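>>> After the sequence you'll find the predicted model.
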Amino acid sequence: MSSSPPRSLRLLAAHLWPHRRAVGCGALLGLLGGVGTLAEPLAAMAVVDALADGSPLGGLLALLTALVVGGALVAGLSSYVLQRTAESMVAAARDRLVSHILLLRVPELDRLKPGDLLSRVTSDTAHIRSAAGQALVDSGSALLVAVGSIVLMAWIDLPLLLVCLAVIAVIGAGSVLLMPPIRRANERSQRAVGEVGALLERSLGAFRTLKASGAEQRETVSARAAVRRAWRDGVRAAAWTAATHVAGVVTSQAAFLVVLGVGGARVATGALDVSGLIAFLLYLMRLTGFVVQLAQGVSGLQSGLAAMRRIDEVERLPVERRGAAPRRGAQAPAPASVSFTGVSFRYRDDAPPVLRDVTLDVPAGGLTALVGPSGAGKTTLFSLVERFYDPAEGTVSLDGVDVRDLPLAHLRSMIGYVEQDAPILSGTLRDNLCYAAPDADEAEVRRVVALTRLTALVERLPDGLDTEVGHRGTTLSGGERQRVAVARALLRRPRLLLLDEATSQLDAANETALREVIADVARTTTVMVIAHRLSTVVDADQIAVVEGGRVRAVGRHADLLRCDDLYRELIQAQLLDA
């Protein structure tokens, strides 16, 4: 997704607008410091004239000292105000970007690389500092002071100024031509940094698999290649930036030498006083310094604009409109019914369909199991209920209402969802249990802990519920993580409980215990279970056999054994007694 420079400037202006007063204050201070700088050569000129005339120097020297010291203090205060404002802008941009990313629709996040998103939040937003801090405002101040210098230089000696400007224009034109390459080089550099983050995120996300597969060297080679590309693009950007610096230095030196030669000749002919030449040279030094500062500011601005385009790419992605979530009631809510009517779905337009004309009614209350081979579309059905995705055809209804007509926050507040890999977040055990119900009281937490057979775990942990469980729950076993995930879902008091392979990592004893928990919950809640271990669902009120994206049979265990070949094969494959 591309964006033109004018759009990037509008985006930067939008980020600047909330801080306009602080930016204006910093710009005003910078301008005052520039005005003081403009007055210094005039004071120096007066000192030289006083030396020639034998006039008193005390007052003039005091004035010159005050201008120098005062200008430095004002410039320092301006720099602080602008840098502080730039940091506030970076913080606001990160806050806005993080909030947007967390509201992204699941299909949008599926096609993005988490590491690249992290790079945009951390690295790209930092480039706003260079664009919005000294770069943008200093460039404006430098431009105003440069204009003032030119006016005063014209007042001192107009012919000498015209010669000086001709030299600056010829060499400065080259600097202007360097701006587009700098912008493109910065874009490539920032994109390459994002690739490094994406590669590292992939490796850390499967760190144990990486170790067990002996893939450290291969991943290191891939990461080094990405780092090398980032280095190469960064060096290219630095080279273009250095070229602008060289152009600025050459401009400064060439202009100084030309003015010194031509000005000396004019002093020799009496067309210009020595004090005037000194003042002119002082203005020239400031003017060329401001030109270099302007070039550096424009270079920093190009870097910031490139970052703005990458940030804007994320901010333009569609997000979910959640609405307000209802408060949890004191009493357990009534179970919900679920209906799939003619549902078809594919993950991408060019991908084969995952679901084909699925029709299934799940009554309120009781246990409904989805069984079938891997890849049949069972988890996708859960994703459609949660509205992680919307069906291409057909409707998914909750209590007879199309889920697309329900506010997302309201819909999801009625559902407890246990994913297949039962993710555990960094933090304490209590944090994980209360993640979906942060207002749950101690009695509720203890009840769910006992219900999911986690009491022994809580007693074993050194700080009980307040024990840190490590990154992704590394201090817990696979079965403990699954039971924590189930407890987390139950603590929400859902009307519909979705369990995706919730017993896959449990031993026989804990599996039996959790089956009893699920059976107990199913008396007051609608429970839908995806199961490959069919021993866990043979007592279900309803079993749906899913194959190739279709529901081929629905019934109880005994009925399916008689009438459905696939179900009978699945049962026999697991050596269950019919």
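Cool, got the structure.
>>> Give me the most central residue, this protein.
Relative to the mean C-alpha position of the chain, the nearest C-alpha, by C-alpha atoms, centre = their mean, is the one of residue 121, at 3.6 Å.
>>> Test for you: state the pLDDT assigned to that residue.
Model confidence at residue 121, given as pLDDT, is 82.
>>> Please shift the residue numbers so they start at 37 in all later answers.
Got it, the first residue is 37 from now on, which makes the last one we talked about residue 157.
>>> Not counting sequence-adjacent ones, nearest residue to it?
Closest residue to residue 157 in three dimensions, ignoring its sequence neighbours and counting by C-beta to C-beta, 6 or more residues apart in numbering: residue 133, at 5.3 Å. To be clear about C-beta, it is placed using only N, CA and C from the backbone, and glycine gets the same treatment.
>>> ok, back up a step: which residues does the residue nearest to the centre of the chain contact?
Contacts for residue 157 (C-beta atoms under 8 Å, 6 or more residues apart in numbering) come out as 130, 133, 134, 137.
>>> The third one - how many residues pack around it?
Residue 134 is surrounded by 13 other residues when neighbours are defined as other C-beta atoms under 10 Å.
>>> Relative to residue 336, how far out is residue 287?
The gap separating residue 287 from residue 336 is 19 Å, by C-beta to C-beta, to the nearest Å.
>>> same check, this time on residue 194
As it turns out, when the distance is counted by C-beta to C-beta, residue 194 lies 34 Å from residue 336.
>>> neighbour count winner among the two?
Between residue 194 and residue 336, counted using other C-beta under 10 Å, the more crowded position is residue 336 (24 against 9).
>>> helices or strands next to the helix or strand hosting the more buried one in the packing?
Taking DSSP states H and E as the definition, residue 336 sits inside helix 310-351. If you count contacts as 3 or more C-beta pairs under 8 Å, 6 or more residues apart in numbering; DSSP states H and E, helix 310-351 packs onto helix 41-52, helix 56-89, helix 94-138, helix 161-166, helix 172-192, helix 194-213, helix 215-241, helix 252-304.
>>> average model confidence for the helix or strand just after that helix?
Sequence order places strand 374-381 as the next helix or strand after helix 310-351, per DSSP H and E. Regarding strand 374-381, the rounded mean pLDDT is 95.
>>> which residues are contacting strand 374-381?
Strand 374-381 has contacts (C-beta under 8 Å, 6+ apart) with 389-398, 413, 416-417, 420-421, 425, 427-434, 436, 532, 562, 564, 587.
>>> And it, what's buried?
For strand 374-381, a neighbour-count test (16 or more other C-beta atoms under 10 Å) marks 374, 375, 376, 377, 379, 380, 381 as buried.
>>> Max pairwise distance over the contacts of residue 157: which two?
Greatest spatial distance among the contacts of residue 157 (C-beta to C-beta): 130 and 137, at 10.4 Å.
>>> which ones are touching residue 558?
Per C-beta under 8 Å, 6+ apart, neighbours of residue 558: 401, 402, 403, 577.
>>> Could you check how far residue 195 is from residue 458?
Taking C-beta to C-beta as the measure, residue 195 and residue 458 are separated by 82 Å.
>>> Comparing those two, which residue is more hemmed in?
When residue 195 and residue 458 are compared for neighbours, residue 458 comes out ahead with 23 against 13, by other C-beta under 10 Å.
>>> Tell me if the more buried one really is in a strand.
No: assigned with DSSP: H, G, I helix; E, B strand; the rest coil, residue 458 falls outside any strand and is coil.
>>> That one touches residue 525, doesn't it?
No: with the criterion set as C-beta atoms under 8 Å, residue 458 and residue 525 do not qualify as a contacting pair; they are 10.1 Å apart.
>>> and the helices and strands packed on helix 310-351 as TSV, adding mean pLDDT and distance to residue 318?
TSV is the format used below for these (pLDDT from 0 to 100; distance: least, C-beta to C-beta, whole Å):
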stretch	mean pLDDT	distance to residue 318
helix 41-52	72	33
helix 56-89	74	4
helix 94-138	80	11
helix 161-166	75	30
helix 172-192	72	9
helix 194-213	72	13
helix 215-241	72	29
helix 252-304	77	11
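>>> Those: which one's closest to residue 453?
Judged by C-beta to C-beta, the one of these that comes nearest to residue 453 is helix 94-138, at 17.1 Å.
>>> who does the closest one touch, helix- and strand-wise?
Counting by 3+ C-beta pairs under 8 Å, 6+ apart, helix 94-138 packs on helix 41-52, helix 56-89, helix 161-166, helix 172-192, helix 310-351.
>>> Let's have these in a markdown table, adding distance to residue 447.
Formatted as a markdown table, the helices and strands packed on helix 94-138 follow (distance: least, C-beta to C-beta, whole Å):
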| stretch | distance to residue 447 |
| --- | --- |
| helix 41-52 | 33 |
| helix 56-89 | 40 |
| helix 161-166 | 33 |
| helix 172-192 | 44 |
| helix 310-351 | 25 |
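>>> give me every residue that touches residue 555.
Residue 555 sits next to 403, 575 when contact means C-beta under 8 Å, 6+ apart.
>>> repeat for residue 481
Residue 481 sits next to 466, 469, 470, 501, 527 when contact means C-beta under 8 Å, 6+ apart.
>>> Which pLDDT value goes with the nearest residue to residue 163 once chain neighbours are set aside?
Once its chain neighbours are removed from consideration, residue 163 has its nearest residue in residue 343; the separation is 3.6 Å (C-beta to C-beta, 6+ apart). With respect to pLDDT, residue 343 has a value of 79.
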